[in-house]
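Visitor: Using only what follows, build the 3D model:
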Amino acid sequence: FLHHHVTKPPNPLPHWIDSVMERLDINGDDTGNKNAEARLATLKQRVSTICVDIAALPENANAVYEGFAKDLEESFECSDDGSLQSVRLANKRLGALPESFGDLVISRNLELQGNSLSTLPEAFGTLDIGGNLDLSEGNAFTSFPESIAQLKVGGNLNLSKAVGLICWNEPPVEGTDKFRTVPCAFPPNFGAIRIGGDLDMYGATLPTPLPDCFGQLRPGGSLVLTACNQWTTPEGLGLLPESFCRLEVGGDLKLSSNHMTSLPAGFSNIKVGLRDGAGSGCLYLDKNGLETLPDSFGELGALRYLNLSYNSFTSLPESFGKLEVAFACDISHCSIRGDGKTPDPSLVLPTSFCSLKVGGGLVMEDTKLQALPATFGQLKVGGSLSLELATAEAFECVDDLGSLSVGDKLTIMAHEVKDMPNAIGNVACKEICIDLHPETDLDAGKAVFSDAVWQEPNAKVWGGNICAHFEVKRK
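Guide: All right, here's what the predicted structure looks like:
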């Protein structure tokens, strides 16, 4: 009787209910709202002070007009809880920022691109930015404060086309360069800057050799150092220092178009793709005119993508076969010397080349090979394979060409070869496309492809003044 009829006390409310009720003012207590209102009022007062300070700087005189400071306040996006969401000061013709700009906590993005900034206030390094910081083109930084090492950027830092100064020589003097450049000066602790995403320094004008602080960089995303020093000397970035080899990058490393003819001996110590694990990083070294690679280059290990196209290699190191490339490896257009005109079809593949692991495509178009290594038939490519051969003897030294394994399409350009190698018909692939010497016997070449293996008609064949073309698909 007691069990069924005695009223039980109510269960206590969960501990989080009080805070919810406080926010909703269910109990009539609006302390939370008042605190938020106070924070918002304080933030707006600070924003107003910053805008007045910006307008007062002589470097910003050309941008200021009546009501400029008041209008500038609209660029600061404040939320009702008193936090600063984003600051949008792009294309405001600003030449400088005040010290009062420091110590801000910005939960999303800070946009300062398209201004005329050449340096930043010392207090800038005390900023805490949850999203992206955009300082890109329009600005021309010739120095950074030492406090930059304390800067926190949760997303990307974009300095594209904004590092270093490029200007016309005035008055122009006959016989001198039209442009004058001022490389950016980096504090020794620049490498300690904390960036959660990409660091983009495309088109930067940098000192050569690169300062040691670049080897201390640890961006959470990719590092872009593409097309640097394009307006200075033909040497571009010159020889990277050994200190650069201590670099660790969460995403990809992009070093394209920097006129580097060689890499430091310890280049394989660089770590890429740390964010998503081994084999997830991409390495771009294309369009540099590289003549050699370090002996230990293959010790880079696993990559997602490797681009070595448009260089001037005469050989690849023996360690090259140790590489594991998950997506694609591009060694195309590497038969042009540094002047961009003189062909030099003398690239030699190492005997270890057959050990190269490529999950996707391996591209060697317009990289004329004098010969293939004897073990070339042991090569296994997960995607397509394309290569160009410079001599009729290129196939002759391959022990077992028919053992070659290609996951998708095999493309061979061998305009000096008149006879189709019989072993080609045994290659494991979905499709074969071969261009041979125009005097090749089309019927004899076609007979290499067995009706039992290849679709009928045996080959899509045509001859011409340029080449004899064979194209077949596996059944």
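Visitor: show me where the stretch 251-400 of the chain has strands.
Guide: According to DSSP state E, counting those that start in this stretch, the stretch 251-400 of the chain carries its strands in the segments 253-254, 282-284, 302-307, 324-330, 357-358, 361-369, 380-381, 385-389.
Visitor: Output those as a markdown table; include the columns mean neighbour count.
Guide: (Glycine included, C-beta is placed from N, CA and C.) Shown next, in a markdown table, are those (neighbours: other C-beta atoms under 10 Å):
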| stretch | mean neighbour count |
| --- | --- |
| strand 253-254 | 23 |
| strand 282-284 | 22 |
| strand 302-307 | 22 |
| strand 324-330 | 22 |
| strand 357-358 | 20 |
| strand 361-369 | 22 |
| strand 380-381 | 20 |
| strand 385-389 | 22 |
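Visitor: Longest helix in the chain, by number of residues?
Guide: helix 31-56 (DSSP state H).
Visitor: Please identify the buried residues of it?
Guide: A36, R39, L40, L43, R46, V47, I50, C51, V52, D53, I54, A55 (16 or more other C-beta atoms under 10 Å).
Visitor: just those residues: which has the poorest pLDDT?
Guide: Minimum pLDDT for those is recorded at A36 (86).
Visitor: which residues touch that residue?
Guide: Residues counted as contacts of A36 (C-beta atoms under 8 Å, 6 or more residues apart in numbering) are D80, D81, G82.
Visitor: wait, which of the strands of the stretch 251-400 of the chain is closest to T226?
Guide: Checking the strands of the stretch 251-400 of the chain against T226 by C-beta to C-beta gives strand 253-254 as the closest, at 5.0 Å.
Visitor: Packing partners of the closest one?
Guide: On a contact count with 3 or more C-beta pairs under 8 Å, 6 or more residues apart in numbering; DSSP states H and E, strand 253-254 meets strand 223-224, strand 282-284.
Visitor: now it: how far from the chain's centre is it?
Guide: Its chain's C-alpha centre and that of strand 253-254 lie 4 Å apart, by C-alpha atoms, centre = their mean, to the nearest Å.
Visitor: Can you get me a residue count around H437?
Guide: 15 (other C-beta atoms under 10 Å).
Visitor: correct me, but it touches M413?
Guide: No - in this structure H437 lies outside contact range of M413 using C-beta atoms under 8 Å: 11.1 Å.
Visitor: Can you flag the weakest of the strands of the stretch 251-400 of the chain by average pLDDT?
Guide: strand 361-369 - the lowest mean pLDDT of the strands of the stretch 251-400 of the chain, at a mean of 90.
Visitor: Pull the residues that contact it.
Guide: For strand 361-369, using C-beta under 8 Å, 6+ apart, the contacting residues are 309, 313, 327-335, 343, 345, 347-349, 356, 381, 383-390, 394, 408, 411, 413.
Visitor: Need the residues touching each of H437 and M413.
Guide: Common neighbours of H437 and M413 (C-beta under 8 Å, 6+ apart) are C467.
Visitor: Which residue ranges of the stretch 51-200 of the chain form strands?
Guide: Under DSSP E, counting those that start in this stretch, the stretch 51-200 of the chain gives strands at 76-78, 84-88, 105-106, 110-111, 128-129, 133-134, 152-153, 157-158, 165-168, 179-182, 194-195, 199-200.
Visitor: Export those strands as a markdown table, with columns for mean neighbour count, mean pLDDT and distance to F244.
Guide: Listed next are the strands of the stretch 51-200 of the chain as a markdown table, based on neighbours: other C-beta atoms under 10 Å; pLDDT from 0 to 100; distance: least, C-beta to C-beta, whole Å:
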| stretch | mean neighbour count | mean pLDDT | distance to F244 |
| --- | --- | --- | --- |
| strand 76-78 | 18 | 96 | 39 |
| strand 84-88 | 18 | 97 | 33 |
| strand 105-106 | 17 | 95 | 31 |
| strand 110-111 | 22 | 98 | 28 |
| strand 128-129 | 19 | 96 | 27 |
| strand 133-134 | 25 | 98 | 24 |
| strand 152-153 | 21 | 96 | 22 |
| strand 157-158 | 24 | 98 | 19 |
| strand 165-168 | 12 | 62 | 23 |
| strand 179-182 | 14 | 72 | 21 |
| strand 194-195 | 19 | 96 | 17 |
| strand 199-200 | 24 | 98 | 14 |
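Visitor: Adding distance to G402, write these out as a markdown table.
Guide: Shown next, in a markdown table, are the strands of the stretch 51-200 of the chain (distance: least, C-beta to C-beta, whole Å):
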| stretch | distance to G402 |
| --- | --- |
| strand 76-78 | 66 |
| strand 84-88 | 62 |
| strand 105-106 | 63 |
| strand 110-111 | 59 |
| strand 128-129 | 59 |
| strand 133-134 | 55 |
| strand 152-153 | 55 |
| strand 157-158 | 51 |
| strand 165-168 | 56 |
| strand 179-182 | 56 |
| strand 194-195 | 51 |
| strand 199-200 | 47 |
